[in-house]
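Chemist: okay, sequence plus prediction incoming.
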Amino acid sequence: MNIDEKMNGYLEDYEVGRTYILGEFSVDECEIIEFAEKFDPQPFHVNPIAAKGTQFGGVIASGYHVLSMAMRLLVDRFISPKSSIVSPGLDEIRWHQPTRPGDRLRCQVTVTSMRPSKSKPDRGILYDLVELHNQDGDLVLSYKSMGMYYRNPEVTVAVK
């Protein structure tokens, strides 16, 4: 399912098993270098000449930069400002192959499960799998995440 507008609901408005396509973005060499100079200054991220001599044969994006780009699409399209509370964490972060200047990455998130909180009935946890694929359809990043969301007050009242 393509998301044409931002999700703006409660925990129950997300559908277990559904894959949401969040959009695409292009990866620019200047942005790769700028991010890496600040946060991950390894030669294959910041120096095109040095990067040619590495196993990558050129500049590649920092995995943390790619993760941040995915997060931007999640915030813009998937994480509901009405009900999102916090994320307890990420699991199984994998960079499957390098992201290079000029790559076009597509972000998708699949809701794998959700559960209401046992101690706080007004909220619950949403579990999902986030994936980025490049323009060739190759998986470049995947991770499992969890987000705490408020439940619909009408549903919460009905459960009590």
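Modeler: Yep, that arrived. Numbers count the residues shown, from 1 in each chain.
Chemist: alpha carbons only for contacts and neighbour counts from here, please
Modeler: Will do.
Chemist: where in this structure is pLDDT low?
Modeler: Confidence mapping of the chain against pLDDT under 70 gives the ranges 1-5, 156-160.
Chemist: for it, what spans make up the helices?
Modeler: For the chain, the helices defined by DSSP state H occupy 29-39, 43-46, 48-52, 63-73, 153-159.
Chemist: minimum distance to residue 102: which of those helices has it?
Modeler: Closest to residue 102 of the helices of the chain, according to C-alpha to C-alpha: helix 29-39, at 7.4 Å.
Chemist: any idea which of the helices of the chain is most buried?
Modeler: Highest mean neighbour count of these: helix 43-46, a mean of 23 (counted as mean count of other C-alpha atoms under 10 Å).
Chemist: who are the packing partners of it?
Modeler: Counting contacts by 3 or more C-alpha pairs under 8 Å, 6 or more residues apart in numbering; DSSP states H and E, helix 43-46 is packed against helix 29-39, helix 48-52.
Chemist: buried set for stretch 100-117?
Modeler: Neighbour-count burial for stretch 100-117 flags 100-101, 103-112, 114, 116 (criterion: 16 or more other C-alpha atoms under 10 Å).
Chemist: what about the residue nearest to residue 33 when sequence neighbours are not counted, distance to residue 22?
Modeler: Residue nearest to residue 33 in three dimensions, not counting chain neighbours: residue 46, with 4.7 Å by C-alpha to C-alpha, 6 or more residues apart in numbering. Between residue 46 and residue 22 the computed distance is 29 Å (C-alpha to C-alpha, to the nearest Å).
Chemist: what does stretch 121-129 contact?
Modeler: For stretch 121-129, the external contacting residues (C-alpha atoms under 8 Å, 6 or more residues apart in numbering) are 11, 109-117, 142-153, 156.
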